[in-house]
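Engineer: here is a sequence with its predicted model. Questions after.
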Amino acid sequence: MQRFYWVQILMCTLNTWKWVEHVMNEWSKENYLSFLEEKSTGAVYFYTPMCGTCMVASKMLMVVAEIDRKLVIGKLNLNFVPEIAKDLTIESVPCLVLIRDGEVLDMIYAFHSVPFLLDKIKSTLT
């Protein structure tokens, strides 16, 4: 099964990657609050720009977004939203918060692999 995901990664074109970056938009505090108020379903990725692990996690999430094009993923720079981090009790970055119908269901800190993330997201959000 892992081999299938890596074949898909290799087949991505430059245009596809531009589309994936569009899927993982940088969100503001207002975008995040609106996402919750509208009782939306998706994932919110918290990171800091100087975090090396966050850079790797971001690339993994781009692959996840390419494989599951219906998944909504927002990115929030934790430096600009400390109050949200406090409300969610985010312990470290990278952190992927899984939200279904506006409710936080799970928080992922260890981004083991793309297949792990896909399985975790699908099992939690569907």
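Structural biologist: Alright, I've got the coordinates.
Engineer: next helix or strand past the top helix by length along the chain?
Structural biologist: Assignment by DSSP state H gives helix 52-67 as the longest helix of the chain. Using DSSP states H and E, the next helix or strand after helix 52-67 towards the C-terminus is strand 73-77.
Engineer: tell me which residues are up against that following strand.
Structural biologist: 23-27, 29, 31-32, 35, 42-49, 58, 61, 64-65, 84 (CB atoms under 8 Å, 6 or more residues apart in numbering). All C-beta atoms are positioned from the backbone trio N, CA, C, and that covers glycine.
Engineer: tell me where the model's unsure across this structure.
Structural biologist: 1-23 (pLDDT under 70).
Engineer: how about the helices in it?
Structural biologist: Going by DSSP H, the chain shows helices at 2-10, 14-23, 29-37, 52-67, 82-88, 114-125.
Engineer: centre of the chain versus the fifth one, how much separation?
Structural biologist: Same thing as helix 82-88. 17 Å (CA atoms, centre = their mean, to the nearest Å).
Engineer: what helices or strands is it leaning on?
Structural biologist: Using 3 or more CB pairs under 8 Å, 6 or more residues apart in numbering; DSSP states H and E, the elements in contact with helix 82-88 are helix 29-37.
Engineer: list the buried residues of the helix it packs on.
Structural biologist: By 16 or more other CB atoms under 10 Å, the buried positions in helix 29-37 come out as Tyr32, Phe35.
Engineer: just the angle between it and strand 73-77, please?
Structural biologist: 140 degrees (axes from the mean of the first three to the mean of the last three CA atoms, to 10 degrees).
Engineer: what's opposite the residue nearest to the spatial centre of the chain in the beta bridge?
Structural biologist: Compute the mean C-alpha point of the chain, and by CA atoms, centre = their mean the closest residue is Tyr45, 4.1 Å away. Taking DSSP bridges as the rule, Tyr45 bridges to Lys75, Leu96.
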